[in-house]
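> have a look at this prediction, sequence included:
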Amino acid sequence: MAESSNAPAVFQPWRDPNETPYVSIERVTKKFGEFVAVYELSLEIYRKELFCLLGASGCGKSTLLRMLAGFEQPSSGRILIDGVDMAGIPPYERPVNMMFQSYALFPHMNVAQNVAFGLKQEKLPASAVRKRAGEMLELVKLGAFAKRKPHQLSGGQRQRVALARSLVKKPKLLLLDEPLAALDKKLREHTQFELMNIQEQVGVTFVVVTHDQQEAMTLSTRIGVMDEGELIQIGTPTDIYEFPQSRYVADFIGSVNIFAGKMIVDEPDHVVIHSEEAGMDIFVNHGVSAGPDADVWAAIRPEKMHISREDPAREQNCVRGIVDEVAYMGDFSTYLVKLESGKIVRITQPNLLRGNPDRILWDEQVYLHWDASSPVVVTK
Ligand code: ATP
């Protein structure tokens with residue numbers, strides 16, 4: 001059997017190989033009655049990471065976050081933060097703060113009072129409270145809004161007040177549950193960059209729960225993809241996108257064309273997959289840990305396929321089809337192409353020319369081809 005060279009060359013800029021994890025989640029299971037919300041989940045998160053838990057609704061992300069915060073107790077397994085077992089330690093004694101989806105700002109308090117609230121409970125002198133709250137408001141660029149009430153702010157500004165309030169007590173670990181869910185798309189994208197900048201400035205470890213894959217890709221140092229209470233892949237955004245280890249991950253992150261097939265050649269440096277769906281043999285220029293005759297799937301991203309009217313006269317990885325749909329998206333166009341097998345394949349192409357008169361249209365016969373390095377081969 002050939003060794004897999006699908007494994008990514010992982011670049012982990014945050015990580016010193018001798019560093020001990022800041023958060024260790026060890027085989028944690030959480031049951032609600034008979035229902036298993038999180039199952040035997042292990043994960044290590046390092047200082048200053050911005051780690052995203054990503055998964056479909058109900059997969060257990062928030063439950064895991066709530067266990068880190070101390071609002072839920074694991075049914076089995078343990079959680080260590082900075083080497084200390086968190087069993088029996090209440091939320092307010094953990095070096096952790098949580099920012100909720102709703103932000104939960106106090107409507108009758110102004111922005112400065114909202115941010116200072118946590119510090120007042122700590123009975124610090126008034127001058128120290130003012131100074132620290134002021135610093136936090138500057139950090140989130142809301143110094144000029146200190147006297148406003150929450151209802152006098154935009155959604156993005158409210159989000160930043162909530163962030164300032166969560167950071168004011170200098171937690172070592174900040175947990176954010178869908179922090180940008182209340183914002184519209186444009187503001188969300190803008191705020192993602194702000195969040196990353198702030199995290200870099202304060203150096204706090206962030207764990208963010210989201211079901212938005214784009215958000216996870218933009219924000220994270222690493223992503224943990226969850227499905228039905230289990231972590232099914234952990235990696236950098238590039239690992240997850242370019243080297244998914246299963247059809248589920250390939251399909252969940254971005255869009256992908258998946259061709260079912262059988263391995264008919266299994267060499268250390270290349271494999272060939274016979275695929276009825278593709279109506280061809282797919283040549284892949286790297287080894288795969290699967291074995292001859294194994295059922296496998298070749299996953300190819302739409303932007304890694306080329307479409308042309310002319311036959312590119314390639315011996316490998318070229319297939320003919322008819323354009324079924326064209327969607328003009330401004331910066332790129334998406335083509336849905338029906339192969340002779342009946343399979344519909346998605347291709348995206350950048351729109352390099354303005355108003356290109358030679359663009360490919362519906363019902364045209366086209367050729368699709370891709371590089372032998374483009375398919376990711378998965379066995380599940
Ligand atoms: P979403 O993105 O929709 O918030 P999620 O991945 O955060 O989803 P969780 O809130 O962790 O999901 O819930 C995981 C599963 O556990 C769900 O099926 C949910 O119904 C169940 N669950 C969560 N809390 C409880 C509870 N207190 N009692 C019973 N079941 C619960």
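Sure thing, it's come through.
> list phi and psi for the residue in the stretch 101-250 of the chain that the ligand sits nearest to.
Relative to the ligand, the nearest point of the stretch 101-250 of the chain is His211 (4.8 Å; CB to the nearest ligand atom). The way it works is simple: take the backbone N, C-alpha and C, and place the C-beta from them, glycine included. Note on His211: its backbone torsions stand at phi -110, psi 10 [degrees, to the nearest 10].
> read off the pLDDT value for it.
As predicted, His211 sits at a pLDDT of 86.
> and what of Arg78?
97.
> downstream neighbour of the helix or strand harbouring it in the secondary structure list?
Secondary structure assignment for Arg78, by DSSP states H and E: strand 76-81. The element immediately downstream of strand 76-81 (helix or strand, assigned by DSSP H and E) is strand 84-85.
> near the ligand, which residues of this protein are found?
32, 35, 37, 55, 57-63, 211 (CB under 6 Å from any ligand atom).
> does Ile300 touch Phe259 like I think?
Yes: if you go by CB atoms under 8 Å, Ile300 and Phe259 touch, sitting 7.4 Å apart.
> overlap in contacts of those two?
Residues touching both Ile300 and Phe259 (CB atoms under 8 Å, 6 or more residues apart in numbering) are Pro375.
> tell me how many other residues surround Lys170.
By the criterion of other CB atoms under 10 Å, Lys170 has 13 neighbours.
> is Val207 within a helix or a strand, and which one?
strand 205-210.
> just say helix, strand or coil for the residue sitting nearest the centre point of the chain.
For the chain, the residue sitting closest to the mean C-alpha position, by CA atoms, centre = their mean, is Ala216 at 3.0 Å. Recorded secondary structure, Ala216: helix (DSSP: H, G, I helix; E, B strand; the rest coil).
> so which residues of the stretch 151-300 of the chain form helices?
155-167, 185-202, 213-219, 237-242, 247-252 (DSSP state H, counting those that start in this stretch).
> one step back: residues in contact with the residue nearest to the centre of the chain?
Here Ala216 is in contact with 52, 54, 208, 210, 223, 237 (CB under 8 Å, 6+ apart).
> format those residues as CSV; extra columns: neighbour count and distance to Lys338.
Putting the contacts of Ala216 into CSV (neighbours: other CB atoms under 10 Å; distance: CB to CB, whole Å) gives the following:
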residue, neighbour count, distance to Lys338
Cys52, 28, 36
Leu54, 25, 32
Val208, 26, 39
Thr210, 22, 34
Ile223, 28, 33
Pro237, 18, 32
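> ok, of the residues you listed, which one's closest to Gly155?
Taking CB to CB as the measure, Gly155 lies nearest Thr210 of the contacts of Ala216, at 16.6 Å.
> so who does the closest one touch?
52-54, 61, 178-180, 216, 219.
> how about a cut-off of 10 Å?
Contact partners of Thr210, counting by CB atoms under 10 Å, 6 or more residues apart in numbering, are 52-55, 61, 176-181, 216, 219-220, 223.
> which of the helices of the stretch 151-300 of the chain sits most buried?
helix 155-167 (a mean of 22; mean count of other CB atoms under 10 Å).
> next, the angle from that helix to helix 185-202.
Inter-element angle recorded for helix 155-167 and helix 185-202: 20 degrees (by axes from the mean of the first three to the mean of the last three CA atoms, to 10 degrees).
> before we move on, the earlier item: pretty sure the residue of the stretch 101-250 of the chain closest to the ligand sits against Ala181.
Yes: His211 lies in contact with Ala181 (CB atoms under 10 Å); the separation is 8.8 Å.
> looking at the two, which is more packed in?
Between His211 and Ala181, counting by other CB under 10 Å, His211 is the more crowded of the two (18 against 15).
> low pLDDT regions in the stretch 51-200 of the chain?
101-102 (pLDDT under 70).
> what about the strands in it?
76-81, 84-85, 96-99, 173-177 (DSSP state E, counting those that start in this stretch).
> just send those strands back as JSON lines, with mean neighbour count too.
Converted to JSON lines, the strands of the stretch 51-200 of the chain look like this (neighbours: other CB atoms under 10 Å):
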{"stretch": "strand 76-81", "mean neighbour count": "17"}
{"stretch": "strand 84-85", "mean neighbour count": "12"}
{"stretch": "strand 96-99", "mean neighbour count": "22"}
{"stretch": "strand 173-177", "mean neighbour count": "23"}
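> make a markdown table out of the ones you listed and add distance to Gly118.
Formatted as a markdown table, those follow (distance: least, CB to CB, whole Å):
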| stretch | distance to Gly118 |
| --- | --- |
| strand 76-81 | 19 |
| strand 84-85 | 22 |
| strand 96-99 | 8 |
| strand 173-177 | 13 |
